[in-house]
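>>> Sequence first, then the predicted structure:
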Amino acid sequence: MPSITLFCFPPAGAGAAFFRPWVGHHPGLRVVPVEFPGRGKRFTEPERTDLDGLMEVLVPEMLEASAASERVVVLGHCFGALVGHRAARAMVRRRSGLDLMLVVSGAGGPGAADQVAAGERRVAGLPDDEFVARVEEISGYRHPALADPEMHPLVLPPLRADVAMHEAHVFPASRPLRVPVLGVRGSDDDRVSAEDAEAWRSVTTGPFRLAEIDGGHMYLTDRKEALLRLIADEAHPAPTAC
């Protein structure tokens, strides 16, 4: 049993199924895709539409699921990076001495250009067709189900909820984390620059590293092996030569 538990938060509108192909893919990591209430296997549960409410449900479950782990890694991509950051803060606050590393992928940190500001960039309340087009433009990703209007009643509500949470998100003003943070972006990402990703350095007083993997904004869909290897290497530092 791997001693490192890797919790994975997907991009907006996606569910735990986004990361299920990763389960068992790396022998050093116990991959746990995080499912939000109201989605996937939890579709009968009330959906949470604000980050604080979401944390009230998810963080106790994550702490219980990782109780026997030597180290915990929290990974989030795009919108998932914001959720992962919030979860990491709540986890270290609730469990003293938790050995945790945060991995933020395909997202800008505090003050970065991709943070949604008030005004014309808000898209959560747009009509369906315009909403889908704007989300695709912003994220660089189109869920196959969005091409079928008959699927919109099923796939649009969670996507709208995530976009609304993203638009309402404000980075906490309280003291930063004291854990290692790994920022990752696709080397050809035209939505999140290296400067945007570097802004995550301010969320921790611990070590920070920015890494790039070949690909665009959704690089991890094709390069999961490279990302998992990077995370495992960072979580299991190589011994220093004497």
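Looks like it came in fine.

>>> Strands of the protein, start to end?
With DSSP state E, the ranges of strands along the chain come out as 4-9, 30-33, 71-77, 100-105, 181-186, 208-213.

>>> Kindly reformat these as TSV containing distance to residue 16, mean pLDDT and mean neighbour count.
In short, each C-beta sits where N, CA and C put it, glycine included. Listed next are the strands of the chain as TSV, based on distance: least, Cβ to Cβ, whole Å; pLDDT from 0 to 100; neighbours: other Cβ atoms under 10 Å:
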stretch	distance to residue 16	mean pLDDT	mean neighbour count
strand 4-9	8	97	25
strand 30-33	4	97	21
strand 71-77	13	97	26
strand 100-105	16	98	26
strand 181-186	20	98	25
strand 208-213	22	98	16
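
>>> Can you lay out those strands as CSV showing distance to residue 220?
Converted to CSV, the strands of the chain look like this (distance: least, Cβ to Cβ, whole Å):
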stretch, distance to residue 220
strand 4-9, 10
strand 30-33, 13
strand 71-77, 6
strand 100-105, 6
strand 181-186, 8
strand 208-213, 8
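
>>> excluding its backbone neighbours, what's nearest residue 23?
residue 31 (4.9 Å; Cβ to Cβ, 6 or more residues apart in numbering).

>>> Compute the distance between that neighbour and residue 161, please.
Residue 31 sits 24 Å away from residue 161, taking Cβ to Cβ, to the nearest Å as the criterion.

>>> packing partners for the lowest-mean-pLDDT helix or strand in the chain?
Considering only helices and strands, the least confidently modelled element of the chain by mean pLDDT, DSSP states H and E is helix 128-139, at a mean of 78. Applying 3 or more Cβ pairs under 8 Å, 6 or more residues apart in numbering; DSSP states H and E, we find helix 128-139 packed against helix 152-168.

>>> which ones are touching the residue nearest to the spatial centre of the chain?
Nearest to the geometric centre of the chain sits residue 76, at 1.7 Å (Cα atoms, centre = their mean). For residue 76, the contact set (Cβ atoms under 8 Å, 6 or more residues apart in numbering) comprises 8-9, 82-85, 103-105, 107.

>>> Could you rerun that using 7 Å?
The contact partners of residue 76, by Cβ atoms under 7 Å, 6 or more residues apart in numbering, come to 9, 82-84, 104-105.

>>> repeat for residue 54
Per Cβ under 7 Å, 6+ apart, neighbours of residue 54: 36, 48.

>>> circling back: so which of the contacts of residue 76 is the closest to residue 148?
residue 9 (25.7 Å; Cβ to Cβ).

>>> Quick check: beta-bridge partners of that closest one?
residue 76 (DSSP bridges).

>>> If I follow the layout properly, it ends up in contact with residue 80?
Yes: assessed by Cβ atoms under 7 Å, residue 9 is found in contact with residue 80 at 3.4 Å.

>>> tally of neighbours for residue 67?
By other Cβ atoms under 10 Å, the residues close to residue 67 number 10.

>>> Read off the pLDDT value for it.
Note on residue 67: pLDDT of 94.
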